[in-house]
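A.B. asks: Could you look at this predicted model? Sequence included:
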Amino acid sequence: MKEAKVSKADTEWRARLEEIADETGYYEPLGADHEVLFHDDSPVLIVSFETRAQIEADADEALPFGYKIARDEGWSALSVIASDESWFRDSAVYAYFDRLVDEAFFEDFDRVVFYGAGPGGYAAAAFSVAAPGATVVALAPQATLDPTLAGWDDRFPQTRRMSFTDRYGFAPEMLDGVAQAFIFYDPFERLDAMHAALFARPCVSLMPCRHIGPDPATALLDMDILDEVLIAAGAGKLTPSLFWTFFRARRLSRRYVFRLLDHLRRARRPVLEAIMCRAVGTSQNRPKFRNRYEALAQKLAEEGIELPEPLQRAGAA
């Protein structure tokens, strides 16, 4: 049997992780398709589940997002990395978390946060059972892709041969021992909303973020608030009300604004579309939105529809 060839890119990637680990922790391959980077710095631990593609999409540093947050905050990080979208369904990953439990690894930390998005969000919820009392931050996670429970989700044909019924399988059940879990999703993304509903439990805060689309991680990064969410979780301060304060930043996000406008157009809500274009065009000085507002206002006027006056800010003349 021939050994699998290791590319130069793979060698350089592993060498870089090993270099980081040599300073503050360790690097360890987990079978052929996963690896783990541990950075030891303080009694606060961020456990993230990320794919290599997600990490390499970061043009600045190409480092795990959870690791970067922990490094900048002076915290510890455990980054579990998949070479592909495996949903971390691998016996080597199970064995690694079994080992951490046997070694009482998580008991050395005052606070533990599990984080992931999509398949990583599934894994963050599923493996959080290893650290009772942890906080989970999961973005658009799948609850399971077992066809007997989630046969309605046909987006991932590559998972047909994966088992979601053995160890660490049904993610919502794995949350029973956590202190709090936050499940972020767009309620207009039907399949994501269906998965989110399966997570409903007393310890879970469902966070329906309208118009952020099927990739909440990218949307929250675009708003510059994903790091604030994880920092608040690591500090033990994340609450739904605090997140909704962060989420006000969506008003300045082009991605969010265009998704909302597209929704209003498709819903045939010209009055609301005009009001929004007026607000964005005025507050953010965007000529395209002002032009769109003027066109809509003229058309509505021809139909005998008068737009309400804009609200005056407190203290305005």
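C.D. replies: Done, it's in. Residues are numbered from 1 along each chain as shown.
A.B. asks: contacts and neighbour counts: CA atoms only from here.
C.D. replies: Noted.
A.B. asks: What is the burial count for Trp244?
C.D. replies: By other CA atoms under 10 Å, the residues close to Trp244 number 12.
A.B. asks: is it fair to say Pro29 lies in a strand?
C.D. replies: Yes: with DSSP: H, G, I helix; E, B strand; the rest coil as the criterion, Pro29 is part of a strand.
A.B. asks: give the contact list for it.
C.D. replies: By CA atoms under 8 Å, 6 or more residues apart in numbering, the contact list for Pro29 reads Glu35, Val36.
A.B. asks: Mind pulling up the pLDDT for it?
C.D. replies: In this model, Pro29 is scored at 94, pLDDT.
A.B. asks: and what of the one 10 residues further on?
C.D. replies: According to the model's per-residue confidence, His39 sits at a pLDDT of 95.
A.B. asks: Report the residue spans of the stretch 151-300 of the chain with pLDDT below the cut-off.
C.D. replies: Residue ranges of the stretch 151-300 of the chain with pLDDT under 70: none are present.
A.B. asks: What's the local residue count around the closest residue to Asp110 other than its chain neighbours?
C.D. replies: Spatially, and ignoring its direct neighbours in sequence, Asp110 is nearest to Pro43 (5.2 Å; CA to CA, 6 or more residues apart in numbering). For Pro43, the neighbour count with other CA under 10 Å is 15.
A.B. asks: Spatially nearest residue to Ala117 (excluding sequence neighbours)?
C.D. replies: Leu139 is the one closest to Ala117 (CA to CA, 6+ apart), at 4.4 Å.
A.B. asks: pretty sure the one you found contacts Pro119?
C.D. replies: No: using CA atoms under 8 Å, Leu139 is not in contact with Pro119, being 9.2 Å away.
A.B. asks: Of the two, give the one with the bigger neighbour count.
C.D. replies: Leu139 (28 against 23).
A.B. asks: I'd like to know how far that one sits from Ala219.
C.D. replies: Separation of Leu139 from Ala219 (CA to CA, to the nearest Å) stands at 11 Å.
A.B. asks: cool, Arg16 as well?
C.D. replies: Taken as CA to CA, the span from Arg16 to Ala219 is 28 Å.
A.B. asks: and what of Ala95?
C.D. replies: 34 Å.
A.B. asks: Among those two, which residue is more densely surrounded?
C.D. replies: Ala219 (20 against 12).
A.B. asks: In a helix, the more buried one, correct?
C.D. replies: Yes: the assignment for Ala219 by three-state DSSP puts it in a helix.
A.B. asks: excluding its backbone neighbours, what's nearest it?
C.D. replies: Here the residue nearest Ala219, using CA to CA, 6+ apart, is Ile212, at 5.7 Å.
A.B. asks: same thing with Glu228?
C.D. replies: Phe246 (7.8 Å).
A.B. asks: Could you count how many residues lie near that neighbour?
C.D. replies: 17.
A.B. asks: doesn't Asp227 make contact with it?
C.D. replies: No: in this structure, Phe246 is not within contact of Asp227 by CA under 8 Å, at 10.5 Å.
A.B. asks: before we move on, back to that, where does the residue nearest to Ala117 sit relative to Phe114, distance-wise?
C.D. replies: 11 Å.
A.B. asks: This structure: strands as residue ranges?
C.D. replies: 25-30, 34-39, 44-51, 76-82, 111-117, 135-139, 180-185, 204-208 (DSSP state E).
A.B. asks: buried residues in stretch 37-56?
C.D. replies: For stretch 37-56, the neighbour count (16 or more other CA atoms under 10 Å) marks 37-42, 44-52, 54 as buried.
A.B. asks: With stretch 252-270 instead?
C.D. replies: For stretch 252-270, the neighbour count (16+ other CA under 10 Å) marks Ser253, Arg255, Tyr256, Val257, Arg259, Leu260, Leu261, Leu264, Pro270 as buried.
A.B. asks: which residues touch that stretch?
C.D. replies: Residues outside stretch 252-270 that contact it (CA under 8 Å, 6+ apart) are 211-213, 219, 222-223, 250-251, 272-273, 276, 284, 296, 300.
A.B. asks: What separation do you get for Thr159 and Leu145?
C.D. replies: Distance from Thr159 to Leu145, by CA to CA: 7 Å.
A.B. asks: okay, these two: which has more neighbours?
C.D. replies: Leu145 (26 against 17).
A.B. asks: Now do that one, the pLDDT please.
C.D. replies: 97.
A.B. asks: Wait, it touches Gly151, no?
C.D. replies: Yes: under the criterion of CA under 8 Å, Leu145 makes contact with Gly151 at 7.3 Å.
A.B. asks: Quick check: bridge partners of Leu78?
C.D. replies: Counting by DSSP bridges, Leu78 is bridged to Phe38, Val47.
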